[in-house]
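next come a sequence and a model predicted from it.
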2 protein chains.
Amino acid sequence: MEYKSDIEIAREAKKRPIQEIGAKLGIGTDDLLPYGHDKAKVSQSFINSVQGNKDGKLILVTAINPTPAGEGKTTTTVGLGDGLNAIGKKAAICIREASLGPCFGMKGGAAGGGYAQVVPMEEMNLHFTGDFHAITSAHNLLSAMIDNHIYWGNELEIDIRRVVWRRVMDMNDRALRQITASLGGVANGFPREAGFDITVASEVMAILCLARDLKDLQNRLGDIIVAYRRDRTPVYARDIKADGAMTVLLKDAMQPNLVQTLENNPAFVHGGPFANIAHGCNSVTATTTALKLADYVVTEAGFGADLGAEKFMNIKCRKAGIAPSVVVVVATVRAMKMNGGVAKADLGTENVDAVNAGCPNLGRHIENVKSFGVPVVVAINHFVSDTDAEVEAVKAYVQSQGSEAILCKHWAHGSEGTKDLATRVAEIADKGEAQFAPIYGDELSLFEKIDTIAKRIYRADEVIADKKIRDQLKQWEEQGYGNLPVCMAKTQYSFTTDPSVRGAPTGHSVPIREVRLSAGAGFVVAICGEIMTMPGLPRVPSAEAIMLNDDGQIEGLF
Amino acid sequence: MEYKSDIEIAREAKKRPIQEIGAKLGIGTDDLLPYGHDKAKVSQSFINSVQGNKDGKLILVTAINPTPAGEGKTTTTVGLGDGLNAIGKKAAICIREASLGPCFGMKGGAAGGGYAQVVPMEEMNLHFTGDFHAITSAHNLLSAMIDNHIYWGNELEIDIRRVVWRRVMDMNDRALRQITASLGGVANGFPREAGFDITVASEVMAILCLARDLKDLQNRLGDIIVAYRRDRTPVYARDIKADGAMTVLLKDAMQPNLVQTLENNPAFVHGGPFANIAHGCNSVTATTTALKLADYVVTEAGFGADLGAEKFMNIKCRKAGIAPSVVVVVATVRAMKMNGGVAKADLGTENVDAVNAGCPNLGRHIENVKSFGVPVVVAINHFVSDTDAEVEAVKAYVQSQGSEAILCKHWAHGSEGTKDLATRVAEIADKGEAQFAPIYGDELSLFEKIDTIAKRIYRADEVIADKKIRDQLKQWEEQGYGNLPVCMAKTQYSFTTDPSVRGAPTGHSVPIREVRLSAGAGFVVAICGEIMTMPGLPRVPSAEAIMLNDDGQIEGLF
């Protein structure tokens, strides 16, 4: 049997005008700001006008630790959204925007796959509605204003060795990771070390995704710590007087983007913070707006449940005052087999023993998610090579853990393949059994929060952090930042800090290498291991093969 | 009498949906790609479909050398377009897009003024339809791919001291003018000197504005020289295999943007290359498309006629195969007085002698423009402080030069103030008397081209260039670039290379400090004096006062 590629399927999509999609959620034409015929932003005034509506039910889609076999988390999010609509529910999905830079490095989009995709796929992987460009501009305006302040006399007494605000670009460009800026003489300023991160790693991105409205946005932007003085006191973006202009640059970007699935159901695609040094979910504005407009909102969090779901619940839900009614953990037979020790080349061969051996990784995630007080359903994202015996092994394992697993075939069949999952998820959500609570309170010390996550989620025995790091955390507590949640920056491939350790390990240590304060976003980042904030391009970047064909279609992007 | 500010007038605009504006030019709703309700791109397929249409008449608006008094060239362009529509002609205007960076430095938009403005003004001064962001991305993708090529083995044998392709950002950021990149060890590449220009100075901007279609765009992008080898042979963007992906990034940006004047007439706003190191006019695509759709197209060129009109005619018209039917030279009484030696503070006092003393600058421009074989009309852009005697002095002077000057009051009265000008301009255009020709042929040597401009337009006695520069020009001729036009980078404030010399000087020398080959854009840049390709912010940047007010309106941007 021949399968069509994602892009072939996407190009055959029978897209409806975005006004029709908006109408499904009660958004009038005037309140949709179109970007072409198939994308639109939802106006701020409309969002304000629906604040009195009752909230729909929130459904979080998360996954096991990612493996090279692929899990299909976004695909399942889209498939479940279509499935809910197919069984007669008013449902919307909320996912993240794609970063431009990585598209030119490795192949691969971020809009689902098979018959569970969001369109227009090409544009979502390119400039889309310009949100990331706006974030880049706002970030770099602040950077320019900092150096400009120093240039004209440095009234704020910034220690130029302690400027912590870097620059950003939505590009994989390793040459910019570490630079010396302001060279070339008096007219160009005071030479100092500097560097660029990729735009999705910008604190402005995290802020945009956590801000409730434009006022909150401006406040948070003002709270950004950009540098320290010789006496170690912080200098804020507000001191540089950049917060107003940054807000102006982000005004349009704050409005959520509406697109559609292949089945013409509404999809909000908005924001895309890194899932390591930031919280890795789509924007609060998009999620809360969707909840006012739909009865069911399906959203996803980055990486596996140990990172993405943990942050979704401990950071985003806590800050936004929202809570999931049910959590879907996505697993695949192939990923279970990899966790059970099978090499990627051998994944096509039936191996029930390996499936069984790999299941504890899934079990650990189920247990962790339940510890937040929310019901869990496992979605087995079906691959054509999966055998019935393997699928049954996963189902049996999940049942033994007190949950249930449902086979989904949305990749091949769209909503037809997720009706069972949708039916069950809606049932659970409607029962209202969730009693969501973050796993740590605001009042714990910053170190205790890290310790709680490491022990309760990662199942480590201990957190290792030297005196310098503990002192830094204490200093921030004294400065009034002790009530912030923590954002763990850890490898996504393992519960431990060693990416090669699969399964459900225990007894390990979590070393904290560095801590950073994102005062505007409102969290403390705890970095365990190497975190890359500016990727590089591979030897043969996919950009070399990206081009327009004779029909004006884009080739090589996917 | 109280006058409203530009922004107050713009906010009171009775904008029509952009589909109505498109309909005036016969553009259907499906062929307009909306960006919100008041901006749209014209689809490439529509542009292709109208290539058989007869061309309308092209009207170029240029000006005397700019003075701190202001001339109002864009304002007059908009006013004349509205005036033509008001007298029953089917007219469109074509102007440039604004650069984001400078908006945060000095106050001032680029969308006209008074009752002769293009709207939406705020968005045109911010992200607009994202064209400049797309140019930034395409430019920097090439930069990243160059360093990535070197990193992975440098198969093309690029001399890392001779990488001539810099990076760009749409920001005034002097700290990035000169940097050392790729610091931090093996994983970050080979340290080398690098730097950033502002986006409008990018060769990609010039290419986008000169390319006829997407194929031509990709060819020109491929022709960009990015570096040289140790043996001085050039390395092209095509060798780096970046041209295809850059074209994909620019696909949407190539489509002209349609907005409207305060009087709801169509305005194409597209592209914005620097008027010094590039040619400084809006895109060829926008101009040629407008000519297919309207009977009269009013466009403008950057700076004074010595720079902007010269390049418009010698570069843009030559390359695009278009020709102006009539040229409008904008002058003001105030600017004549400044040219006549009056200080800015004293401009409010009547001074007919100073007007007379300043007029030769205007006369020189009239004579120069006529030397291209096109009829000239002078538009006196009226200021409320101008006296009748002063206005009459300008009129009399212009008449003595064999041309006519028409008083225009569009700033205060919109199209009512330009009906006389519009009537006369249409008459001249309809007569078809223009016999346009560039003032030098392709076959002249590069140095002879520079010499021709310096002597015939600037009225210099000689061009000074040392052997190194002459040898470089000869080398490019041997490499096949001898047929290119030259793009002069000179101060806009004077016919000479000394910005303080006003009036109509003769007998000076034009020293060529540097020459650059823009092989993709298709011209050789001759730099006379200091040219800043990355501006800085002033001591108190306007960004400090830019913010959203309580009504969500932008304050401080204008």
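On my side now, so go ahead.

count the residues that sit near the closest residue to chain B within the stretch 401-550 of chain A.
The stretch 401-550 of chain A approaches chain B most closely through A:Met547 (2.9 Å), counting by CB to the nearest CB. For every residue, glycine as well, the C-beta is placed using N, CA and C. Per other CB atoms under 10 Å in any protein chain shown, the neighbour tally for A:Met547 reads 19.

residues contacting it?
A:Met547 sits next to A:Ile554, A:Glu555, A:Gly556, B:Gln218, B:Asp243, B:Gly244, B:Ala245, B:Thr247, B:Val248 when contact means CB atoms under 8 Å, 6 or more residues apart in numbering or on different chains.

let's see it at 10 Å
A:553-557, B:218, B:241, B:243-248 (CB atoms under 10 Å, 6 or more residues apart in numbering or on different chains).

for it, which residues make a bridge with it?
A:Glu555 (DSSP bridges).

need the contact list for A:Asp420.
A:Gly83, A:Ile87, A:Ala379, A:Ile406, A:Leu407, A:Cys408, A:Lys409.

export those residues to TSV and append columns for pLDDT.
As requested, the contacts of A:Asp420 are exported to TSV (pLDDT from 0 to 100):
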residue	pLDDT
A:Gly83	98
A:Ile87	98
A:Ala379	98
A:Ile406	98
A:Leu407	98
A:Cys408	97
A:Lys409	97
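
need those in JSON lines with distance to A:Glu300 and secondary structure, can you?
Below are the contacts of A:Asp420 laid out as JSON lines (distance: CB to CB, whole Å; DSSP: H, G, I helix; E, B strand; the rest coil):
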{"residue": "A:Gly83", "distance to A:Glu300": "15", "secondary structure": "helix"}
{"residue": "A:Ile87", "distance to A:Glu300": "20", "secondary structure": "coil"}
{"residue": "A:Ala379", "distance to A:Glu300": "12", "secondary structure": "strand"}
{"residue": "A:Ile406", "distance to A:Glu300": "17", "secondary structure": "strand"}
{"residue": "A:Leu407", "distance to A:Glu300": "19", "secondary structure": "strand"}
{"residue": "A:Cys408", "distance to A:Glu300": "14", "secondary structure": "strand"}
{"residue": "A:Lys409", "distance to A:Glu300": "19", "secondary structure": "coil"}
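
coming back round to it: just the buried ones out of the contacts of A:Met547, please.
By neighbour count, with 16 or more other CB atoms under 10 Å in any protein chain shown, those hold A:Ile554, A:Gly556, A:Leu557, B:Gln218, B:Lys241, B:Asp243, B:Gly244, B:Ala245, B:Met246, B:Thr247, B:Val248 as buried.

can you flag which of the contacts of A:Met547 belong to helices?
Using DSSP state H, the subset of the contacts of A:Met547 located in helices is B:Gln218, B:Asp243, B:Gly244, B:Ala245, B:Met246, B:Thr247, B:Val248.

one step back: export the contacts of A:Met547 to TSV and append columns for distance to A:Val298 and pLDDT.
Formatted as TSV, the contacts of A:Met547 follow (distance: CB to CB, whole Å; pLDDT from 0 to 100):
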residue	distance to A:Val298	pLDDT
A:Gln553	30	90
A:Ile554	28	91
A:Glu555	31	90
A:Gly556	31	87
A:Leu557	26	82
B:Gln218	40	98
B:Lys241	40	98
B:Asp243	40	98
B:Gly244	36	97
B:Ala245	33	97
B:Met246	36	98
B:Thr247	36	98
B:Val248	31	97
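
between those, which is closest to A:Ala526?
Within these, the smallest distance to A:Ala526 is 35.4 Å, found for A:Leu557 (CB to CB).

need the contact list for the closest one.
Under the criterion of CB under 10 Å, 6+ apart, the neighbours of A:Leu557 are A:7, A:103-104, A:107-109, A:121-122, A:125-126, A:542-543, A:545-547, B:245, B:248.

show me which residues of the stretch 451-558 of chain A are close to chain B?
A:532, A:534, A:536-550, A:552, A:554-557 (CB under 10 Å from any CB of the partner chain).

which residues does A:Gly402 contact?
Here A:Gly402 is in contact with A:Gly363, A:Ile366, A:Glu367, A:Lys370, A:Val376 (criterion: CB under 10 Å, 6+ apart).

hmm, the third one is touching A:Val398, no?
Spelled out, it's A:Glu367. No. Judged on CB atoms under 10 Å, A:Glu367 makes no contact with A:Val398 at a distance of 11.4 Å.

now A:His508. Nearest residue, chain neighbours left out?
Sequence neighbours aside, A:Thr496 is the residue nearest to A:His508 in space, at 4.5 Å (criterion: CB to CB, 6 or more residues apart in numbering or on different chains).

that neighbour - how many residues pack around it?
24.

wait, a helix at it?
No. Counting by DSSP: H, G, I helix; E, B strand; the rest coil, A:Thr496 is not found in a helix; it is coil.

quick one, what contacts the residue in the stretch 301-450 of chain A that chain B sits nearest to?
Residue nearest to chain B within the stretch 301-450 of chain A (CB to the nearest CB): A:Ala320, separated by 21.8 Å. By CB under 10 Å, 6+ apart, the contact set of A:Ala320 is A:Cys209, A:Leu210, A:Ala211, A:Arg212, A:Cys281, A:Ser283, A:Val284, A:Thr285, A:Thr287, A:Thr288, A:Leu291.

for A:Gly402, see how far away the third one is.
It refers to A:Ala211. 38 Å (CB to CB, to the nearest Å).

now swap in the first one and tell me
Taken as CB to CB, the spacing of A:Cys209 relative to A:Gly402 amounts to 33 Å.

likewise the fifth one?
A:Cys281 sits 27 Å away from A:Gly402, going by CB to CB.

do the same with A:Gly552
In terms of CB to CB, A:Gly552 sits 54 Å off from A:Gly402.

distance to A:Glu350 added to the buried ones among the contacts of A:Met547, as JSON lines?
Formatted as JSON lines, these follow (distance: CB to CB, whole Å):
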{"residue": "A:Ile554", "distance to A:Glu350": "38"}
{"residue": "A:Gly556", "distance to A:Glu350": "35"}
{"residue": "A:Leu557", "distance to A:Glu350": "35"}
{"residue": "B:Gln218", "distance to A:Glu350": "49"}
{"residue": "B:Lys241", "distance to A:Glu350": "42"}
{"residue": "B:Asp243", "distance to A:Glu350": "47"}
{"residue": "B:Gly244", "distance to A:Glu350": "42"}
{"residue": "B:Ala245", "distance to A:Glu350": "41"}
{"residue": "B:Met246", "distance to A:Glu350": "47"}
{"residue": "B:Thr247", "distance to A:Glu350": "46"}
{"residue": "B:Val248", "distance to A:Glu350": "42"}
